[in-house]
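Colleague: sequence unavailable; structure follows:
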Ligand code: SF4
Ligand code: SF4
């Protein structure tokens, strides 16, 4: 199994620092790959990244919710969305995402379609090569 980063990710990057096998890669280009991605072949399911995420975006693969109920105010980030998220990441660097939508309280979202992009990123996508163009966001 693996852990999965879902569309609740807004690139805080707090998770990356704690991964003992360095299998978390910031997507590039950001508008095509807006999350951080976990290499499913390398993740050892240690769970260390989960409590580090201030947005609770990381789940064991078999626990990714099919019916996530929004608290209200959180963002999802996905290719094709047109809202903007501005923030500051774990290292104090600015975040600017143009592929987001803010969720309303009580809105129910299926996060299971977010599983496949974690695999696609490393099979046919940029994979570890994205580290070469990492700009810190
Ligand atoms: S800590 Fe959460 S929001 Fe930040 S990059 Fe990791 S998964 Fe995304
Ligand atoms: S579960 Fe552990 S090995 Fe997998 S991505 Fe998170 S920190 Fe890395």
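Modeller: Received the coordinates, thanks. Remember, predicted model here, so these are calculated numbers, not experimental data. Ligands and ions are numbered 1, 2, ... in the order given.

Colleague: can you name the farthest residue from the center of this protein?
Modeller: residue 106 (21.4 Å; C-alpha atoms, centre = their mean).

Colleague: quick check, residue 128 in contact with residue 25.
Modeller: Yes. Counting by C-beta atoms under 8 Å, residue 25 is a contact partner of residue 128 at 6.0 Å. (Each C-beta comes from the backbone N, C-alpha and C, glycine too.)

Colleague: what about the longest strand along the chain and ligand 1, touching?
Modeller: As assigned by DSSP state E, the longest strand anywhere in the chain is strand 94-102. No. Figure legend: strand 94-102 not in contact with ligand 1 (C-beta under 6 Å from any ligand atom); closest approach 9.1 Å.

Colleague: let me see the contact set for the residue farthest from the centre of the chain.
Modeller: By C-beta atoms under 8 Å, 6 or more residues apart in numbering, the contact set of residue 106 is 69, 70, 72.

Colleague: this structure against ligand 1: which residues are in contact?
Modeller: So the chain meets ligand 1 at 5, 9-15, 36, 52-53, 55, 57-58 (C-beta under 6 Å from any ligand atom).

Colleague: now with 5 Å, please.
Modeller: By C-beta under 5 Å from any ligand atom, the part of the chain that sits against ligand 1 consists of 5, 9, 12, 13, 14, 15, 36, 53, 55, 57.
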